[in-house]
Each structure stands twice: as structure tokens, then as C-alpha cells.
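Chemist: Okay, sequence plus prediction incoming.
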Amino acid sequence: MTADFTQRAEFSSETRELAVGAAGMPLTIHHPTGDAKGTVILIPGWSGTRSGPADILVFLASHLAKNGYRAVRLDLPGRGDALGSFAECDFDRMMDVTFKTIIGLQLSGPCTLVGICSGGNVSLGTVPLLMNAPKRVDARVVALSTLPFQPARSKSFERRRRWKNIKQYAAKAFSPRTWLRVIKGEVNLDRVKKNVTASEKPGGGERNLKDSVRDIERELLGWKEKALFIWGGGDEEAAPARAYFEKLHAHGMGAQSSFHTIDGANHNFYAKAWREEIARRIVEFLT
């Protein structure tokens, strides 16, 4: 159940409400004009907000509402409008608040979790919690540009990610706008240094916030619902990520999993045509 609404906006094909979920997280709920066919929860990436990169989650939520689904976008602790510390929110906390938010919505129809990048890992990790809830929730998952869970990330994976970041930063270095942002102090140089030099593995005495105390891979082998995985062909991390999840599927994860790669698309699917393809595939998956 959500808290008192703070805002309600009417559109020709949907109604949007701002609310606070059971876990205290800010929600934007896109309601269809008629009875909802089901509820879709949209989860952002590790440092993202409920709008998603370049508003992709807003685009998808609106498209889902037009097609008869209630779409719920949420901020995770320390991100967007949510309270909490960004640095203290780990993967397990993200799954916990997602689980509590879904339970608090008191679902009356099918539930689907749509996550981009780390949001896809959160979606998959929340599924076992929903399966074991006092009132079991069988949820489907759509994972966009989702990478392997932390225990499966090898040294070659880390090298590939660092080189990807180096190339991206090198391309930006030729832009005058980038240097203007550096002069203004708008670029987090410490984060840039970490992205191009550091491992995701924790150092001595540290913990990896992106890892879980649970064995999520093992838990997912008992999950038999539908799943849809989509990556961009222009994302260097897509091919090994797809191979990883296809292997998990072969060992028993998701009875009806399907895997797609959109030619030329980047990690965040910036082009309008790529987003439209994703929206179409999601509606087909839900039907």
C-alpha cells in the first residue's frame, strides 16, 4: 500500500502518481486508463534514478501504461529523491527495498520486474525473496544490459570493463565541453581514476557493495518463470554477459528464458529506434 499521493497528473493515455512505497522509497506510478493487466516494476542501475539513463524508464513506463499495464518506477536508497546514504546502500539493501515495495503494492495481477544494468541484477535477486514471501509472488523478469553477478566477474571481465571506460573517457577528452566541466569542478576526477584503474573486487578490510551475502545464482536455479534478456550489440560487455546468463539458463534458471541482442545498440540504448524495439519486445513478452 502506498502513502498519501503528493501529486497526480492526467495524460491522454495514462495517469501518473507520485507516492511513497512501503519501504519508504519514492515511486512514480503510471496507471492505464482502464483496468490494469498487471504490474511492472522498473528498477534503475547502480547509481541511476527512477528515470533511468536519458529517461529510458520513463519512456518504457509510459509505453506500458498505454498498453494496459500499471508501471511503477522507484528510486533506491541514496539515489534520486530517496533518503539514505549512497555509499552505504549495498546490493542486499536494494533487493530488500524492492521486495518490500512490491509486497506493499498489494498486487492483484501478474508482476514483472524490468531492470537496466545493475537493476537487472536487483530484479533477478528479488525473485527468490518474492517466491519465499508469506504470500508467494511469482514474478517474471526483463533484464536490460545486465552483467554477471559479482562472484562470476573474472579478471578478464574487469580488464574488459576498464578498457571500455578508458576508451569512453578518451573520446570525451577531445570535447571542449568536457574540459569546461573539469574547470568548473563538475567532473568527479576520483571516480574517473577509479573507473580506469581500480578493480571491482574489494581491498583489504573493505566489502564489495555490489556483492550479496546470498548465493543468488543457486537460488535462481529453482526459479521457473519467464525471463527476457536484452543487450546492445555495440556494448563490449554484452557478448560475455549473454553467454553467462545463457549458461545459467541451461542449468535451470528460468523455464522460458529468451535472449536478444539489438544490433549496434549501446549499453543504455540511447537511440529512439532501440528503445522502441525494447518497448515492443517487452509488451510481446507480457502478452
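Modeler: Nice, I can see it.
Chemist: now the helices for the stretch 51-200 of the chain?
Modeler: Counting by DSSP state H, counting those that start in this stretch, the stretch 51-200 of the chain has helices at residues 56-66, 91-104, 118-131, 155-173, 176-183, 189-197.
Chemist: Give the full set of residues in contact with the residue nearest to residue 116 when sequence neighbours are not counted.
Modeler: The spatial neighbour of residue 116 that comes closest, neighbours along the chain excluded (C-beta to C-beta, 6 or more residues apart in numbering), is residue 144 at 4.3 Å. C-beta coordinates here come from the backbone N, C-alpha and C atoms, glycine included. Listed by C-beta atoms under 8 Å, 6 or more residues apart in numbering, the contact set of residue 144 reads 114-117, 119-120, 230-231, 269, 278.
Chemist: Of those residues, which is the nearest to residue 64?
Modeler: residue 114 (8.5 Å; C-beta to C-beta).
Chemist: ok, the residue lying closest to the closest one once chain neighbours are set aside - contacts?
Modeler: Sequence neighbours aside, residue 142 is the residue nearest to residue 114 in space, at 4.3 Å (criterion: C-beta to C-beta, 6+ apart). Residues in contact with residue 142 (C-beta under 8 Å, 6+ apart) are 112-115, 120, 123, 227-230, 282, 285.
Chemist: Those in strands, which ones?
Modeler: 112-115, 227-230 (DSSP state E).
Chemist: what does the strand or helix carrying residue 239 rub up against?
Modeler: Secondary structure assignment for residue 239, by DSSP states H and E: helix 238-250. Applying C-beta under 8 Å, 6+ apart, the contact partners of helix 238-250 are 143, 145-148, 152, 157, 160, 217, 220-221, 227, 229, 231-232, 253, 257, 259, 261, 267.
Chemist: Only the buried subset of those, as a ChimeraX command please.
Modeler: A single ChimeraX command selects the buried members of the contacts of helix 238-250 (16 or more other C-beta atoms under 10 Å):
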select :143,145,146,147,148,157,160,217,220,227,229,231,232,253,257,261,267
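Chemist: Just the contacts of helix 238-250: which are in strands?
Modeler: 143, 227, 229, 231-232, 257, 259, 261.
Chemist: need those in TSV with distance to residue 84 and pLDDT, can you?
Modeler: Formatted as TSV, these follow (distance: C-beta to C-beta, whole Å; pLDDT from 0 to 100):
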residue	distance to residue 84	pLDDT
143	24	98
227	29	97
229	29	98
231	30	98
232	31	98
257	33	93
259	34	98
261	35	98
